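Q: Take this sequence and fold it.
(3 chains)
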Amino acid sequence: MPELPEVEIAKRSLSNHILNKKILDVTIINPKLRYFLKKKDFTKIINKTVNAVERVSKYILLKFADQSVVLIHLGMTGRLYFKSKNSNNKDTSFYSKQSILKKHDHVLFKFKNFNLIYNDIRKFGFIKYYNFLDSKNISHLNGLGPEPLSKNFSKDYFLKKLKNKKAPIKNTLMDQRFVAGLGNIYVNEALFISKISPKKLSFKLNSKEITNLIHSIKKIIKKSIKMGGSTIKNYHNSEGRQGSYQAEFKIYGRQGQKCIRRACKGVIRRNMSSNRSFFFCPICQRI
DNA sequence: CGGGACTCCTGAGGGC
DNA sequence: TGCCCTCAGGAGTCCC
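A: Residues are numbered from 1 along each chain as shown, chains lettered A, B, ... in the order given. Take a look at the predicted model:
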C-alpha cells in the first residue's frame, strides 16, 4: 500500500480509530522487521494516549503527550488493520487464542474495544520508538524534500534543483530528498500524463514540461487520495476496504498494450532501471 | 559528491 | 503437481 495516497488513507483511518485512545498493551508477535523490534521500547507506550496521528511522506507518526513518537513505515507490504474484540466470536481475552494469529502479523496494539495489528509479508517496513529527545531529530525524516501537494513543490523549486541534475527525471522523482512521498506507480503515471520520457535527463526538462509535470503530480495524488488510494494484489486498507485508483492507471503495468491516447499508435513498453521497472509510450513520451 | 546497483523478504504467477 | 525463474507500490548501503 505504500505511496503517499495509500499512507494518507492509512493515516486517516488510524486517526479515526485511535486518536485520543489509550494503548492498553502491546504484544510483539514477530520482532523481525527491517529493524528488530525491541520489547523494552514498546513497553514505554503502554498506558499512553495517542495525542496525534500524522503523515510525513510515506511515514506515519503516532505522537504522545510526553513528546515520544512511534514512527511507522509500511515498506512494500506493511499494513495496519483493526480487529474488533466483540465482532469475532466470544474471544475477548486479548489475543489468547492462536487461531486469531494471521500469518505475518508482527505487532498488536491493544485498545479498549479493539486491537490494532501491524502485518507485513515482506518485512521491509518498520516501527520505531523515539523518546522525547530523539523525536526531535528522526533521521528518517531528515532531508526529505517537499510534499507534492505543498506550495513549496513549485516551478521555482524545480528550476533550482534540476539545473545541474543529470539523473533521468524518473529517478529524480523517486528520490525522496527531491520530493517526499512519490513511488514507482505515481511517478510513471505523472510522466505519462505530462508526455515526458522517464529517461529524459532532469536538467533537460523545459519550462512547459516542468509546469505540466507539477500539475500532473498534484492532480494524480489528489485524485488517488479521493479514491482511497490504489489496491494491488488485494492489499486493502485498515478497514478492509480497497482503494480504486488502480482503475485509473494509464501506463503502469500496461506493457504490450496500446497507448490510451486515441491519436497515438504507440505500444507501451517496460524497461528496468536501478532494479525498478518503468513504463512508457515510446511515441508520446519520446525523449 | 552523484548516480546506479544491490540488498533485505515472501508470495504470486508464468513456463516447462 | 512441482520446480525454477522473475517480479512486486521502498529505501539504506555500498561502490565507482
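Q: roughly how far apart are A:K155 and DNA strand B?
A: 20 Å (CB to the nearest atom of the strand, to the nearest Å). Quick note: C-beta positions are derived from backbone N, CA and C, even for glycine.
Q: Surely that residue is in contact with A:N212?
A: No: here A:K155 does not reach A:N212: they are 10.6 Å apart, not a contact under CB atoms under 8 Å.
Q: quick one: which of these two has more around it?
A: For A:K155 versus A:N212, the count of surrounding residues by other CB atoms under 10 Å is larger for A:N212: 18 against 13.
Q: my hunch is that that one is in a helix, does that hold up?
A: Yes: for A:N212, which was evaluated using DSSP: H, G, I helix; E, B strand; the rest coil, the result is membership in a helix.
Q: separation between it and DNA strand B?
A: A:N212 is 22 Å from DNA strand B, where distance means CB to the nearest atom of the strand.
Q: surely that residue meets A:L191?
A: No: the pair A:N212 and A:L191 does not pass the contact test of CB under 8 Å, sitting 10.0 Å apart.
Q: neighbours of A:K103, just the number please.
A: Neighbour number of A:K103 under other CB under 10 Å is 7.
Q: for DNA strand B, what are the nearby residues on chain A?
A: Where chain A comes near DNA strand B, counting by CB under 7 Å from any atom of the strand, the residues are A:34, A:103-104, A:121-124, A:165-168, A:171, A:202, A:233, A:273-275.
Q: Go again with 6 Å.
A: Residues of chain A lying near DNA strand B by CB under 6 Å from any atom of the strand: A:103, A:121-124, A:165-168, A:171, A:273-275.
Q: Same list, the residues you listed, but as JSON lines with pLDDT please.
A: What follows is the residues of chain A next to DNA strand B, written out as JSON lines (pLDDT from 0 to 100):
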{"residue": "A:K103", "pLDDT": "90"}
{"residue": "A:I121", "pLDDT": "94"}
{"residue": "A:R122", "pLDDT": "95"}
{"residue": "A:K123", "pLDDT": "96"}
{"residue": "A:F124", "pLDDT": "96"}
{"residue": "A:K165", "pLDDT": "96"}
{"residue": "A:K166", "pLDDT": "95"}
{"residue": "A:A167", "pLDDT": "96"}
{"residue": "A:P168", "pLDDT": "96"}
{"residue": "A:N171", "pLDDT": "96"}
{"residue": "A:S273", "pLDDT": "87"}
{"residue": "A:S274", "pLDDT": "82"}
{"residue": "A:N275", "pLDDT": "83"}
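Q: Looking at the residues you listed, which is nearest A:K223?
A: Checking the residues of chain A next to DNA strand B against A:K223 with CB to CB, the nearest one is A:N171 at 24.2 Å.
Q: if I look at that closest one, how far off is DNA strand C?
A: Taking CB to the nearest atom of the strand as the measure, A:N171 falls 11 Å from DNA strand C.
Q: doesn't A:S274 make contact with that residue?
A: Yes: using CB under 8 Å as the test, A:N171 is close enough to A:S274 to be in contact (6.6 Å).
Q: Which one's more surrounded, the two?
A: Between A:N171 and A:S274, counted using other CB under 10 Å, A:N171 has the larger neighbour count: 20 against 10.
Q: Can you say which helix or strand has that one in it?
A: Taking DSSP states H and E as the definition, A:N171 sits inside helix A:169-174.
Q: what do you get for A:E54?
A: A:E54 is located in strand A:50-56, with elements delineated by DSSP H and E.
Q: cool, and A:G229?
A: A:G229 belongs to no helix or strand when assigned by DSSP H and E.
Q: quick one: A:Y81 is in a strand?
A: Yes: remark: A:Y81 belongs to a strand, assigned using three-state DSSP.
Q: Look at it and say how many residues are nearby.
A: Burial of A:Y81, expressed as a neighbour count using other CB under 10 Å, amounts to 18.
Q: Likewise for A:K208?
A: 9.
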